[in-house]
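*Asks:* Okay, predicted coordinates and the sequence, questions at the end:
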Amino acid sequence: MNDRSEGSSVFTSYVDQSCKSFNEQILEEKFTHALPDIVELDELIKLRDHKRIKKLLRINPWSPAHEVRRNLWWKLCCVGHGRTQLHSGTLYSEITREVYGEGDADSYVRLPTFVDPCHLESYYLTDIGITTAKKLLSIISHERPDIVFCPLLYGLTCLLLHYLDEQSCYDCINHIISSKEKFIAQTKTAHEASVLVLKELTRKYAKPSFQNLVKKTPDVELVLENWSWWIMKYLPFSYLVRVVDCYLFEGPKVLYRVALAILIQYHKQIVRTSPKRGGGDDDIVEEIRLFCENIPISSCKLLKTAFGIRGLSRSELKKLILRKEIFVQSKHNVALLQGTMPTSPSAGSLSLLVTKDTDSHLLTKQEWRDIYSWLPKRFTLKQPKLIFSTSEHGTSLSTFYSRVEGHEPTFIAIKTNRQEIFGAYCSVDWIERKHGKQNFFGTGESFICLLHPTRVRYPWVGISLKEETPNSAHLFLCGSGTQICIGGGNGTAILLDENLLKGATQRCDTFGNPPLVTGEFFTVTVLEAFCFE
């Protein structure tokens, strides 16, 4: 394949260099200091000197047409992946034949469903280049059916094709979607969560900008909704290329930092010129778009602002992203959580379903009906199955884990020596306690409930709160070798010891519940756990 245009040593043949705006964008900038040459950069890459490479990418403003860019992005993906190369040269050809056979793939290539048709940024690609981008993404879709929504990937693929041939572009895309750093949102949940992440970061690291947004609009999230397109669509091409230099090496934190820098500079350069001016959401969105398109600062100044934000660490960002994704996923399940089974005669079959072969020594027919009215609707047509009982399997916590792991969700019912009965719906497999560094796990579908002498459910407080829930209200489930905790934050809703005999109950932030029994402590007479099949 001829991957370079005639007369150019940098851009591929996929680029339309006859376009006037393209030539304006790639004009060499004037610098007061010498740029490092290709040999120096290659040496750092060979040494895998991440610290110096990172510094080099941040401070050296290579223009879009600079010679260093010939294979820069492919090399950055390689070193970021810890390899000298990403894939063998024959792999892509084999996958192409598998997907399209021996025919001409370019004649009937289609965009995958994870692409957003409203955002198809092809930059300066020719028609052949655009077709190649579509072909690459259709192959990625074939290999990775788990990617359900990834609107940024089309633009990134087109951008990569400005400098890389088809095979190398495929390698880099695989690095982006497979990296443990989660370079790019691949679900609607992750995409929506990114807006909340930027909102939280703006509140903390760009306070004047955030306060200005709050004054100008009641819906900050609406203004931030398309923040990634500030970078991928509205910034000049030369700025975007420099951002991607850092992004391919450092990961998603670069995009968040640049978005913060845009808000900071927007506040300084635009808002101060008319500080008393109001405006609706649409006005602010348009102002930010125009600011990006006609940005009054250099790419160097933009990146200096972005990387000058102190205190924003990679670990903090990872935790924040995880927290917001859990929040969004839980919000998506609000309808399921709030839905109830009808009590009309048409629901009579429910009474047969929930009392058949459960072998429960605790739960009556009516209590099962109440529990089923609280379950997410997708589980109400499944039958409960007893998988653990202290009466049958003993009082060992390790036995409890061995019996419940592999089942999702589960329901735990507890009877005390004072005849009180309460329980907990655990939305996530208990095996998750072994994964990651987080002590607590679970989602907002979890709930706790009283069953006797009264019946009441305490769902996650995030369902009813209009504002964002505090961190202490995201503590759903926790399990160790010595205890089980359900519901946390300034107290524990249900705490059980390693022998499943002694327990305690308190008010907690996650469910906003009162203590579930009289007094704080209780003795377990029977504990049962159920799955749904």
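*Replies:* Looks like it arrived, so ask away.

*Asks:* quick one: low-confidence ranges for the stretch 201-350 of the chain?
*Replies:* For the stretch 201-350 of the chain, the stretches flagged by pLDDT under 70 are 270-272, 274-282, 331-350.

*Asks:* what ranges do the helices span in it?
*Replies:* Secondary structure of the stretch 201-350 of the chain by DSSP state H, counting those that start in this stretch: the helices cover 207-216, 220-224, 227-229, 237-250, 253-269, 281-293, 299-307, 314-332, 334-338, 348-353.

*Asks:* Quick one, which of those helices gets closest to Glu121.
*Replies:* Closest to Glu121 of the helices of the stretch 201-350 of the chain is helix 227-229 (CB to CB; 8.2 Å). All C-beta atoms are positioned from the backbone trio N, CA, C, and that covers glycine.

*Asks:* Of the helices of the stretch 201-350 of the chain, which is nearest Leu161?
*Replies:* Closest among those, using CB to CB: helix 237-250, at 12.5 Å.

*Asks:* Give me the contacts around the closest one.
*Replies:* 22, 25-26, 29, 50, 53-54, 57-58, 61-64, 69, 72-73, 76-77, 79-80, 123-124, 156, 159, 172, 175-176, 183, 231-232, 235, 254-255, 258, 295, 299, 302-303 (CB atoms under 8 Å, 6 or more residues apart in numbering).

*Asks:* Sort out which of those are in strands and list them.
*Replies:* Among the contacts of helix 237-250, no member falls in strands (criterion: DSSP state E).

*Asks:* Can you list the low-confidence ranges for the chain?
*Replies:* Scanning the chain for pLDDT under 70 picks out 1-9, 24-38, 79-90, 101-108, 270-272, 274-282, 331-358, 436-438, 465-468.

*Asks:* quick one: what helix or strand has the most centrally placed residue in it in it?
*Replies:* In the chain, the residue lying closest to the centroid (CA atoms, centre = their mean) is Ala190, at 3.1 Å. Assigning secondary structure by DSSP states H and E places Ala190 in helix 188-205.

*Asks:* what's the angle between that helix and helix 314-332?
*Replies:* 130 degrees (axes from the mean of the first three to the mean of the last three CA atoms, to 10 degrees).

*Asks:* Now helix 188-205: buried residues?
*Replies:* Under the neighbour-count criterion of 16 or more other CB atoms under 10 Å, helix 188-205 has 189-199, 201-203, 205 buried.

*Asks:* Stretch 428-445 now?
*Replies:* By 16+ other CB under 10 Å, the buried positions in stretch 428-445 come out as Val428, Asp429, Trp430, Glu432, Arg433, Phe440, Phe441, Gly442, Thr443, Gly444, Glu445.

*Asks:* Grab the nearest non-local neighbour of the last one.
*Replies:* Meaning Glu445. Distance criterion CB to CB, 6 or more residues apart in numbering; nearest residue to Glu445, sequence neighbours excluded, is Ser427 at 3.9 Å.

*Asks:* The one you found contacts Phe441, doesn't it?
*Replies:* No - counting by CB atoms under 8 Å, Ser427 does not reach Phe441; the two are 9.7 Å apart.

*Asks:* Chain neighbours aside, what residue packs nearest to Ala259?
*Replies:* Leaving aside its chain neighbours, Ala259 sits nearest to Trp227 (4.9 Å; criterion: CB to CB, 6+ apart).

*Asks:* give me the number of residues near the one you found?
*Replies:* Number of residues near Trp227 (other CB atoms under 10 Å) recorded here: 23.

*Asks:* Show the contacting residues for it.
*Replies:* Each residue near Trp227 by CB under 8 Å, 6+ apart is listed here: Ser194, Val195, Leu198, Ala259.

*Asks:* mind listing what the first one touches?
*Replies:* Read that as Ser194. So Ser194 contacts Ala185, Trp227, Ser228, Ile321, Lys324 (CB under 8 Å, 6+ apart).

*Asks:* just to revisit the earlier point, now, among the buried residues of stretch 428-445, which is nearest to Gly129?
*Replies:* For these, the closest approach to Gly129 (CB to CB) belongs to Thr443, at 42.0 Å.

*Asks:* Phe476 is in contact with the closest one, correct?
*Replies:* Yes - assessed by CB under 8 Å, Thr443 is found in contact with Phe476 at 6.7 Å.

*Asks:* Common neighbours of these two, please.
*Replies:* In contact with both Thr443 and Phe476: Ser427, Val428, using CB under 8 Å, 6+ apart.

*Asks:* Please, which helix or strand holds the closest residue to Trp74 other than its chain neighbours?
*Replies:* Counting by CB to CB, 6+ apart, Trp74 lies nearest to Ser168, which is 4.7 Å off, once chain neighbours are set aside. Using DSSP H and E, Ser168 sits in helix 166-178.

*Asks:* May I see the buried residues of that helix?
*Replies:* For helix 166-178, burial by neighbour count (16+ other CB under 10 Å) applies to Glu166, Gln167, Ser168, Cys169, Tyr170, Asp171, Cys172, Ile173, Asn174, His175, Ile176, Ile177.
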